[in-house]
Each structure stands twice: as structure tokens, then as C-alpha cells.
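**Student:** model this:
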Amino acid sequence: MNLQTSALAGSDRTALVAGGAGFLGSHLCEQLIRRGWRVIALDNLQTGSRGNLQRLTKETRFEFLEHDICEPLPPGLTADLVFNLACAASPPRYQADPVHTMMTCVVGTNHLLAFAEANRAGFVQASTSEIYGDPELHPQPEAYWGNVNCTGPRACYDEGKRAAEALCFDYLRHGRTDVRVARIFNTYGPRMQPDDGRIVSNLICQALAGKPLTIYGTGEQTRSFCYVSDLVDGLVRLATVADNPREPVNLGNPGEFTINELAALVLAMTRSTSRIVHEPLPQDDPRRRRPDVTRAKELLDWAPKIQLARGLPPTIAWFSRLIEAESRPAAARSPARTAGRVPTLAVASTANRRD
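**Tutor:** As a prediction, the model looks like this:
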């Protein structure tokens with residue numbers, strides 16, 4: 001496997017990470033900095049947080065720009081590599097403003113692709129397993145076209161990401177930009193937000209608070225959970241592999257768990273006595289979800305290393321610290337949560353902030 005390791009180690013190279021203040025984006029920024037890149041994190045802070053970038057506040061090779069990619073990118077920016085992670089990924093968040101979600105996926109992605117083309121930069125699109133909808137084929141290989149409700153409440157995200165992929169491959173086919181597309185399956189780890197509505201954060205926070213654990217439907221629907229460091233490693237490998245795959249690549253952990261099994265693990269690891277309550281299954285919620293990662297293994301020499309039993313404890317510890325900090329009186333809270341402003345580019349932002 002011939003990875004472009006020289007590109008990763010090269011100084012004076014710049015990566016633009018759209019969505020860089022988010023859960024995945026902030027971990028990616030840190031990984032790129034460790035590998036010698038200069039990094040510009042671009043985020044409208046709709047779901048991201050400056051606090052996620054706290055570890056990078058003293059890095060001279062790191063800068064932050066508050067901006068919404070639905071607006072044209074400010075002039076003067078340059079980059080050698082672009083990662084597009086800029087879109088709310090939790091159903092409550094992306095359904096709260098569905099038009100903005102769709103525009104982020106389509107208009108925003110086009111702005112970033114045009115920027116990459118003008119800069120002769122590589123481009124990595126963070127797509128999603130939601131491309132497959134409620135799948136009729138299991139596990140899901142990249143060749144599967146999916147089973148998506150194009151008019152349902154999740155369509156703004158599902159169809160938005162599908163349209164973004166179409167844009168990416170049109171740019172690639174016409175030789176305009178070196179585009180690689182990752183289809184990301186459920187990812188978890190520190191820096192998830194407690195109110196993002198995703199199953200891992202929901203169950204952990206409810207267990208830590210001693211509240212009933214909410215399971216939608218019977219709990220026999222399945223998911224596959226990838227720890228954040230494994231996912232970031234996959235993104236970097238996809239960005240730097242010598243030969244462009246020219247096809248989407250699934251990134252996720254093929255270990256498959258029912259929601260009931262996840263709840264049992266969370267209860268055991270948190271030592272919670274919370275009971276379980278069942279609510280109706282949301283519309284278009286997938287019944288089964290598991291990636292076929294054969295392509296990632298063959299093309300990227302990538303496979304996840306951290307299984308759920310190992311990844312849950314640091315995730316639980318993250319939420320435990322977060323909940324403990326929020327429970328303290330404001331005057332007694334750690335200054336680390338509010339201090340350490342990241343350096344901001346001296347470029348006027350035209351973003352419409354949507355907090």
C-alpha cells in the first residue's frame with residue numbers, strides 16, 4: 001500500500017477543514033497538526049464549539065475562521081487540501097432548519113469544490129451512511145444505491161448528502177478537482193454534544209443522570225459504532241492514498257449491535273440503575289446498519305482498531321466531566337471551558353450564524 005506519507009509530513013502545506021470546530025472536525029484538526037500541517041478550521045458554530053479547539057489555541061500553525069459555507073468563501077484563503085465536514089449530523093439538529101441543511105450540503109459543498117479547483121487542492125467529502133437510507137441490503141457495500149425516502153423529514157440530510165456526492169463525482173469526472181468521498185457510519189467518542197440526539201450520547205447522558213433510558217421501537221434495530229480516532233485515521237488515509245479510488249469508500253466499524261445491547265453496556269459501565277422506556281420509532285429510522293469495509297481495507301489498508309467495549313469508557317468519562325462541570329455554580333466552573341480563544345483569521349466573515 002503506497003500512501004503519500006511525504007504529503008502528510010510536508011511543512012508549509014495547508015489543510016482547510018470545514019466543520020473544524022465540530023466533534024469529528026476538531027479531532028481531524030489535531031491529527032493534521034500532529035502530522036505537520038498548517039490548519040485552517042472553518043465553522044459557523046451551528047453545532048461546533050470553540051471549546052473543541054481548545055488544545056490548538058497555542059498552535060502557531062492553527063487558525064480559526066467563523067464562516068458559513070452557504071456563503072462564498074472570503075477572498076485570500078489558500079489551501080492544498082480541503083476536508084468538508086460542514087453539516088449538522090444529528091437528526092434533531094439537521095431537521096431544525098432543513099432548508100439550511102440542504103443548502104449546506106449542496107451550495108456549501110459547491111463553494112468548497114470551486115475553492116479546491118481554484119487552488120488545485122485535494123478534496124475529501126464527508127458523506128454518510130444515510131446515503132443508504134433504510135437499507136434492503138445488509139451489510140451495505142458502496143455499490144448499493146440505497147432505499148431513501150426523498151420527501152420525508154430526514155430527506156434534507158439524506159438527499160442533501162446524495163446530491164453532494166453527485167457534485168463531487170461530476171467535478172472528478174471532468175478533471176476539475178481530485179475528489180475522494182468517505183461514507184461515514186455512526187461515530188462516537190469525546191466531544192460529542194450531550195444534546196445532539198444521537199443514540200450513544202442519549203443513553204450515556206440519561207444513565208449518568210439517573211434518568212430512564214429512552215429506546216425507540218423494540219430496540220432490536222442495529223447500528224455499528226466507530227470510535228473517533230479510527231474514523232479520523234480513515235479520513236487521513238483516504239485523503240493521502242496515492243491512487244484516487246474514484247468511488248465512495250465506507251468508513252465505519254463492522255461490529256453490529258442492537259440498541260438493546262448498547263443500552264446494556266452503558267448501564268453496566270456507568271453502574272446506573274436507570275430503567276428503560278420505549279418510545280415509537282421515528283419515521284424512516286433505519287432498521288439495520290452495518291458497513292462493508294472491504295474497499296477501505298483493500299485501497300487504504302484501513303480497519304478499525306477500537307471496539308465498542310474499549311471506546312465507551314473514555315466516551316462515558318467525557319460526558320461525566322461535562323455533566324459535572326455544568327452542575328457547578330457558574331463562578332466555580334473551570335476557566336478552561338471559557339478561556340483560550342483560538343486565533344481568528346483577519347478576514348471579515350459574511351456568515352449567517354445559526355446557533
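**Student:** how about the strands in this structure?
**Tutor:** Using DSSP state E, the strands of the chain run over residues 14-18, 38-43, 62-66, 81-84, 122-128, 178-184, 187-188, 213-216, 222-224, 226-227, 249-251, 256-258, 276-279.
**Student:** using JSON lines, please lay out those strands together with mean neighbour count and distance to L113.
**Tutor:** C-beta: built from backbone N, CA, C; applies to glycine. Listed next are those as JSON lines, based on neighbours: other C-beta atoms under 10 Å; distance: least, C-beta to C-beta, whole Å:
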{"stretch": "strand 14-18", "mean neighbour count": "25", "distance to L113": "11"}
{"stretch": "strand 38-43", "mean neighbour count": "27", "distance to L113": "14"}
{"stretch": "strand 62-66", "mean neighbour count": "22", "distance to L113": "18"}
{"stretch": "strand 81-84", "mean neighbour count": "27", "distance to L113": "8"}
{"stretch": "strand 122-128", "mean neighbour count": "24", "distance to L113": "6"}
{"stretch": "strand 178-184", "mean neighbour count": "23", "distance to L113": "7"}
{"stretch": "strand 187-188", "mean neighbour count": "26", "distance to L113": "24"}
{"stretch": "strand 213-216", "mean neighbour count": "18", "distance to L113": "36"}
{"stretch": "strand 222-224", "mean neighbour count": "22", "distance to L113": "29"}
{"stretch": "strand 226-227", "mean neighbour count": "24", "distance to L113": "26"}
{"stretch": "strand 249-251", "mean neighbour count": "27", "distance to L113": "18"}
{"stretch": "strand 256-258", "mean neighbour count": "17", "distance to L113": "34"}
{"stretch": "strand 276-279", "mean neighbour count": "12", "distance to L113": "40"}
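**Student:** how about those strands in a markdown table, adding distance to I204 and mean pLDDT?
**Tutor:** Putting these into a markdown table (distance: least, C-beta to C-beta, whole Å; pLDDT from 0 to 100) gives the following:
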| stretch | distance to I204 | mean pLDDT |
| --- | --- | --- |
| strand 14-18 | 26 | 98 |
| strand 38-43 | 24 | 98 |
| strand 62-66 | 28 | 97 |
| strand 81-84 | 27 | 98 |
| strand 122-128 | 22 | 98 |
| strand 178-184 | 20 | 98 |
| strand 187-188 | 9 | 98 |
| strand 213-216 | 9 | 95 |
| strand 222-224 | 14 | 95 |
| strand 226-227 | 14 | 98 |
| strand 249-251 | 23 | 98 |
| strand 256-258 | 14 | 97 |
| strand 276-279 | 14 | 95 |
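**Student:** a markdown table for those strands, including distance to V293?
**Tutor:** Below are the strands of the chain laid out as a markdown table (distance: least, C-beta to C-beta, whole Å):
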| stretch | distance to V293 |
| --- | --- |
| strand 14-18 | 23 |
| strand 38-43 | 27 |
| strand 62-66 | 31 |
| strand 81-84 | 20 |
| strand 122-128 | 15 |
| strand 178-184 | 10 |
| strand 187-188 | 13 |
| strand 213-216 | 26 |
| strand 222-224 | 10 |
| strand 226-227 | 10 |
| strand 249-251 | 5 |
| strand 256-258 | 12 |
| strand 276-279 | 31 |
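**Student:** for A239, find the nearest of the ones you listed.
**Tutor:** Comparison of the strands of the chain against A239 by C-beta to C-beta identifies strand 122-128 as nearest, at 4.8 Å.
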